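Peer 1: Predicted model, plus sequence, below.
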Amino acid sequence: MAWETPKGRTHRFVHPATAAAAFALSAGIFGFYFGVYRARRFAMPVGFDTSWYVWRARFVGDQGLGPLRTAVRPGHALLSSTLGSMTGVDQLRLAVLLPLVMAGVFALAMGALACAGLGARRVRWAGTVALAGTILGTTRLVGENVATLLLLALVVAALAVLVRWVSGAGGMWGAMALLIAAGLAHWMFLAVVGAMLAVAAASSLPATQRQRMAGMRFSRTDSGAIAIAAGSAGALLVAIIAGVLRAPFSSFEIKEDPARFIPKLRTDLARLLLPLTAPVATLGAVALVAGDGGIARQRRFTIRLLGAWTIVAASGAIYGAITLDLPPHRFLELLVAVPGAVSLAAAVRWLASLAARSTRRRLAPRAAVTLVSALVTAAAVSALSVPGALAWYRHGPGVWLDPVALQQTEVAARYAEALPASTPVVFVVGPLGPAGLVSVPLKERTIRAGFPSDRQVDLHIFVGEPADALAGRRTYVSPPIDRETQPYWDDVKALLGARPPMIVLKSMGPKQFDAAVGLGAAVVAPGVALIQGTEPPEPLAEPPPPRPVPRTAYGLIWGSVLLLLMGAAGAGWSRAMVGRTAPPEVLWSIAPAVGAAALMLGALVAAKLGVRLAGVGGVATYAVVAIGGGVVALFAKHSDSGVARPR
């Protein structure tokens with residue numbers, strides 16, 4: 001399948017070489033991060049929030065959206081439950097794979113933005129993708145802030161589509177859809193993106209005035225395109241949150257301790273190896289502003305977007321560091337991931353061009369010039385990947401999901417499943433733990449990750465001593481801990497008088513477990529004591545320990561499968577968004593991100609229609625989304641004749 005571009009050249013829609021290169025780059029980035037499981041011998045998924053992602057994805061797939069705040073930023077749960085149905089992979093194993101796959105998806109989206117807006121093609125495009133993927137290792141985005149990384153991948157893809165729109169191609173609806181899907185992933189951080197777009201629109205006003213005087217429609221002007229895309233997406237997202245999801249706009253469940261903000265900021269700055277990255281990024285920023293690559297209007301528009309992103313992210317980091325009202329390290333990762341990566345790539349591009357010009361002056365053959373440029377690019381990218389590699393393999397996110405706790409929870413779940421429906425089950429947990437003030441939420445999430453989805457609403461947490469739980473009174477520890485655990489007491493206090501079954505797991509409070517045994521609790525399995533409730537007729541069988549981390553070969557295969565599934569789901573939609581004249585690097589770079597967005601939006605519709613995303617419902621949802629994209633691509637009419645050409 002082919003078509004004629006305005007310049008008369010023929011592009012193929014499939015373009016297998018570029019598609020293969022995009023897949024290889026993203027799979028390579030996945031492998032770059034997946035290797036930590038072998039290097040550090042991790043047996044469980046990394047990341048503090050892993051248990052939260054696991055239980056929510058299972059619940060949404062089995063029970064739908066709504067209860068237990070699962071309607072709050074459900075993007076990851078919708079995507080993961082659908083992909084779990086397509087692959088048959090359990091959510092615990094997907095928690096190993098999908099966060100690392102998203103690093104490759106984000107890097108490809110960055111390549112699409114660099115190609116569409118800055119003219120980065122082939123080797124330079126590949127270098128941008130590689131740098132964007134590896135520099136993430138210095139941040140907390142990979143394996144830790146998964147929802148934020150998903151949001152960034154979709155936002156950057158939306159910016160690439162928006163750049164195509166201002167060039168004259170179709171696709172405004174695509175940018176809006178991507179921004180809405182990004183909001184489903186993390187709508188609080190989408191507000192930060194909204195501030196960035198507002199700054200970009202304001203800085204584009206002089207150019208917009210000139211464009212209007214030249215007779216350009218407002219929607220095609222720089223400020224107009226941003227205002228329409230951001231405004232429409234924001235309004236639709238508010239309607240979805242309030243009218244469809246009926247969820248609160250505040251989406252934070254665990255508030256970070258402000259006392260940890262500055263130490264985290266220092267740690268993240270140290271991981272960047274600033275003596276290496278800061279000068280290179282500065283050189284790249286200068287080269288980016290002074291350069292003349294790509295098409296003039298798209299380049300200026302993209303630079304304004306990146307400049308606005310830098311202003312908002314840097315201002316947020318500085319404000320947070322001074323006031324501690326906001327986490328400055330979260331703004332730092334936004335600064336590093338997008339404008340930082342683009343600046344590093346621009347510096348590499350400048351060095352490669354310098355080497356190419358030097359070789360060309362010696363009257364070297366064209367092939368030699370190309371080879372020198374490629375070698376310089378590869379060497380520079382390799383050197384700049386060192387900070388990410390060192391940070392990830394030395395200090396990357398640790399494992400917070402305790403396999404023993406998960407095993408004990410599964411034993412307790414077998415007991416709970418034998419109880420009559422809607423019977424409350426109370427877990428008694430200790431108030432202290434390695435996570436400080438948020439130790440109890442971490443314990444709750446771990447219990448939920450091992451508990452059956454159909455009994456999640458019956459699960460309640462008592463924080464404190466078994467004797468207090470039996471007496472129906474609260475255990476007081478200290479004012480800070482008591483404030484953090486107040487919601488748990490508010491939830492459970494009305495149940496205690498009805499003498500519900502009470503369970504204590506040794507992994508969730510060794511002191512409380514020993515106290516329960518001293519009070520006569522029945523030990524129904526190793527590390528599992530029943531304080532109150534009907535004892536099972538015989539000890540419960542202990543399940544085998546969880547082994548979610550696949551072998552290296554299988555992990556690489558499953559990571560590739562997830563990439564292919566998202567790319568296939570998004571290929572048709574991507575073609576319809578970016579237009580017929582889009583470079584193949586743009587098309588195939590945004591396909592996985594577009595596929596993720598399409599699956600999230602399609603799964604949202606399916607879930608609200610009552611379709612269960614686990615099993616056949618998820619497979620059907622995927623099929624409808626992927627086939628729908630192909631149909632839209634087949635019948636879409638693009639007006640690319642107005643696409644700006646290099647001058």
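Peer 2: Received the coordinates, thanks.
Peer 1: measure the spatially closest residue to residue 497 that is not a sequence neighbour to residue 427 for me?
Peer 2: In space, and not counting its chain neighbours, residue 497 is closest to residue 472: 5.8 Å by CB to CB, 6 or more residues apart in numbering. Where C-beta positions appear, they are placed from N, C-alpha and C, glycine not excepted. Distance, residue 472 to residue 427, by CB to CB, to the nearest Å: 16 Å.
Peer 1: okay, now the domains of the chain?
Peer 2: 2-340+385-397+550-642, 403-532 (automatic domain parsing).
Peer 1: Any idea which of those gets closest to residue 357?
Peer 2: domain 2-340+385-397+550-642 (13.6 Å; CB to CB).
Peer 1: picking up where we left off before, columns mean pLDDT on top of the domains of the chain, output as JSON lines?
Peer 2: As requested, these are arranged in JSON lines below (pLDDT from 0 to 100):
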{"stretch": "domain 2-340+385-397+550-642", "mean pLDDT": "93"}
{"stretch": "domain 403-532", "mean pLDDT": "95"}
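Peer 1: Please identify the helix or strand for the spatially closest residue to residue 438 that is not a sequence neighbour.
Peer 2: Among residues not flanking residue 438 along the chain, residue 254 sits closest, at 5.1 Å (CB to CB, 6+ apart). Taking DSSP states H and E as the definition, residue 254 sits outside all helices and strands.
Peer 1: how deep is residue 254 tucked in, by neighbour count?
Peer 2: The tally of other residues near residue 254 (other CB atoms under 10 Å) stands at 16.
Peer 1: cool, and residue 67?
Peer 2: 11.
Peer 1: ok, now how distant is it from residue 600?
Peer 2: Taking CB to CB, one finds residue 67 at 20 Å from residue 600.
Peer 1: For the longest helix that the chain contains, buried residues please.
Peer 2: In the chain, with assignment by DSSP state H, the single longest helix is helix 172-203. By neighbour count on 16 or more other CB atoms under 10 Å, the buried set for helix 172-203 is 172, 174-190, 192-201, 203.
Peer 1: same question, stretch 479-489
Peer 2: Applying 16+ other CB under 10 Å to stretch 479-489 flags 481-482, 484-485, 488-489 as buried.
Peer 1: for the residues you listed, which one is nearest residue 314?
Peer 2: residue 484 (31.5 Å).
Peer 1: number of nearby residues for residue 371?
Peer 2: Neighbours of residue 371 (other CB under 10 Å): 14.
Peer 1: Need the per-residue pLDDT for it.
Peer 2: Residue 371 carries a pLDDT score of 88 in this model.
Peer 1: Figure out the helix or strand that it lives in.
Peer 2: helix 366-384.
Peer 1: same deal with residue 565?
Peer 2: Residue-wise, residue 565 maps onto helix 552-578 under DSSP H and E.
Peer 1: now for the helix or strand following that helix, which elements pack on it?
Peer 2: Going down the chain from helix 552-578, the next helix or strand is helix 584-608, by DSSP H and E. Applying 3 or more CB pairs under 8 Å, 6 or more residues apart in numbering; DSSP states H and E, one finds that helix 584-608 contacts helix 16-34, helix 75-87, helix 91-118, helix 122-135, helix 146-166, helix 172-203, helix 552-578, helix 616-635.
Peer 1: before we move on, the earlier item: run the chain-centre distance for the helix holding residue 371.
Peer 2: Chain-centre distance of helix 366-384: 31 Å, with CA atoms, centre = their mean, to the nearest Å.
Peer 1: just stretch 131-147 next, same as before
Peer 2: The chain centroid and the centroid of stretch 131-147 are separated by 9 Å under CA atoms, centre = their mean.
Peer 1: cool, stretch 278-285 as well?
Peer 2: That offset, for stretch 278-285, works out to 27 Å (CA atoms, centre = their mean).
Peer 1: which outside residues touch it?
Peer 2: 272, 339-340, 342-350, 384 (CB atoms under 8 Å, 6 or more residues apart in numbering).
Peer 1: Looking at the residues you listed, which one is closest to residue 517?
Peer 2: Closest to residue 517, out of all of the contacts of stretch 278-285 and judged by CB to CB, is residue 272, at 49.6 Å.
Peer 1: and the closest one, what does it touch?
Peer 2: 138, 278, 336, 387, 391 are the contacts of residue 272 under CB under 8 Å, 6+ apart.
Peer 1: okay but residue 122 is in contact with residue 585, surely?
Peer 2: Yes - between residue 122 and residue 585 a contact is recorded at 7.5 Å, counting by CB atoms under 8 Å.
Peer 1: hang on, the earlier thing: of all the residues in the helix holding residue 565, which ones are buried?
Peer 2: So, applying 16+ other CB under 10 Å, buried residues of helix 552-578: 555-556, 558-563, 565-578.
Peer 1: how far is that helix from where the chain is centred?
Peer 2: Using CA atoms, centre = their mean, the offset of helix 552-578 from its chain centre is 15 Å.
Peer 1: mind listing the helices in the stretch 401-550 of the chain by residue range?
Peer 2: Secondary structure of the stretch 401-550 of the chain (DSSP state H, counting those that start in this stretch): helices located at 403-417, 439-450, 466-471, 479-492, 510-518.
Peer 1: ok, and what's touching the first one?
Peer 2: With CB under 8 Å, 6+ apart as the test, helix 403-417 has contacts from 43-44, 423, 425, 427, 443, 446-447, 449-452, 455, 458-459, 501, 503, 505-508, 524-528, 530, 536, 540-543, 545-546.
Peer 1: tally of neighbours for residue 170?
Peer 2: By the criterion of other CB under 10 Å, residue 170 has 19 neighbours.
Peer 1: Doesn't it belong to a strand?
Peer 2: No - under DSSP: H, G, I helix; E, B strand; the rest coil, residue 170 falls outside any strand and is assigned coil.
Peer 1: Could you give the backbone dihedrals for it?
Peer 2: Per-residue torsions, residue 170: phi -80, psi 170 (degrees, to the nearest 10).
Peer 1: Report the separation between residue 269 and residue 632.
Peer 2: Applying CB to CB to residue 269 and residue 632 gives a distance of 45 Å.
Peer 1: With residue 82 instead?
Peer 2: The spacing between residue 82 and residue 632, counted by CB to CB, is 19 Å.
Peer 1: OK, contacts around the residue nearest to residue 577 when sequence neighbours are not counted?
Peer 2: Of all residues not flanking residue 577 in the chain, residue 174 sits nearest, at 3.1 Å (CB to CB, 6+ apart). Each residue near residue 174 by CB under 8 Å, 6+ apart is listed here: 158, 161, 573, 576-578, 594.
Peer 1: out of these, who's nearest residue 237?
Peer 2: Among the contacts of residue 174, and counting by CB to CB, the member closest to residue 237 is residue 158, at 12.5 Å.
Peer 1: Residue 82 and residue 632: which is more packed in?
Peer 2: residue 82 (31 against 15).
Peer 1: wait, the more buried one sits on residue 603?
Peer 2: Yes - with contact defined as CB under 8 Å, residue 82 counts as touching residue 603 (4.9 Å).
Peer 1: which neighbours do the two share?
Peer 2: 613, 618, 621.
Peer 1: wait, the second one sits on residue 84?
Peer 2: Spelled out, that is residue 618. Yes - shown here, residue 618 and residue 84 form a contact pair, counting by CB under 8 Å, at 7.0 Å.
Peer 1: Mind listing the shared neighbours of these two?
Peer 2: Contacts common to residue 618 and residue 84, judged by CB under 8 Å, 6+ apart, are residue 61.
Peer 1: what number of residues lie near residue 520?
Peer 2: Neighbour number of residue 520 under other CB under 10 Å is 8.
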